[in-house]
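what would the 3D arrangement of this be:
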Amino acid sequence: FDMKGLEHPFYYDENKKEHNPAIRAFSNALALSVSRTISQAGGHEYDGNHRLTPGRAAAKWFIDHYPLLGGLASHFNIIEDVSYCNKNDIHIAAINAVCGELYLNPASGLSSEEWKFVLAHEYLHAGLMHHERCGGRDHYLWNVACDFVINGWLQELQIGTRPADGLLYDPELKGMSAESIYDMIVSDMRKYAKENTFRGYHKGDIM
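Prediction:
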């Protein structure tokens, strides 16, 4: 449970937790960490970095060094397929939290540090349940609002390197919720109608 004060803790509904992939991923991460520790102690750790693509190496970095985002990373199947990305208009990356799939375009030419930023961005979309919080809002504009929040956080956390392409970042929006930013965007549609996400122009990376 999340403590909101000793007298009023918030308990997750046991009947709904299976529908929250972030909770399940966090549990998996704890189990994975224990398993890795035991393997290392027994001298069975395998280093396969030389076989990893930059995108998969970034995902492995989170699992090895960043427990909370690593928990989310362990939950997603990475799909790196140029043909699939071209067919679905994925310029850099997109995520489907329901299917547990993360789509990376290997032709985007990002550095390993840029991939860390992009993967953290996509994992946070899932962990913050942006796909469910959208409700009846415009899907693309909601995606833009969520991007501003996530990229602001990642800038403060200094995870990886911000890619120049597809980045939505405005320091003046610091501290605002995605819901508040969405309301602002809706009132100024001409300014925000054609923003560039990591999926591409006028494309939401929350699939």
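
list the buried ones in stretch 122-138?
Applying a neighbour-count criterion of 16 or more other CB atoms under 10 Å, the buried positions in stretch 122-138 are E122, Y123, L124, H125, A126, G127, L128, H130, H131, C134, R137, D138. To be clear about C-beta, it is placed using only N, CA and C from the backbone, and glycine gets the same treatment.

endpoints of that stretch, how far apart?
19 Å (CA to CA, to the nearest Å).

coming back round to it: inside helices: which ones of the buried residues of stretch 122-138?
E122, Y123, L124, H125, A126, G127, H130, H131 (DSSP state H).

farthest pair in those?
The two members of those with the most space between them (CB to CB) are Y123 and H131, at 12.8 Å.

return the helix or strand in this structure with minimum mean pLDDT.
Using mean pLDDT, DSSP states H and E, helix 21-41 stands out as the lowest-scoring helix or strand of the chain, at a mean of 55.

tell me the helix or strand right after it.
Downstream of helix 21-41, the first helix or strand assigned by DSSP states H and E is helix 54-65.

using PDB, list the CA coordinates for the helix or strand following that next one.
Scanning the chain past helix 54-65 towards its C-terminal end, the next helix or strand to appear is helix 67-73 (assignment: DSSP H and E). Presented in PDB, the C-alpha positions along helix 67-73 are these (Å, rounded to 0.1, in the frame of the first residue of the first chain):
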ATOM      1  CA  PRO A  67      15.600  -1.200 -10.200                       C
ATOM      2  CA  LEU A  68      12.300   0.700 -10.600                       C
ATOM      3  CA  LEU A  69      12.500   1.300 -14.400                       C
ATOM      4  CA  GLY A  70      14.200  -2.000 -14.700                       C
ATOM      5  CA  GLY A  71      11.100  -3.600 -13.300                       C
ATOM      6  CA  LEU A  72       9.100  -2.100 -16.200                       C
ATOM      7  CA  ALA A  73      11.900  -3.000 -18.700                       C
END
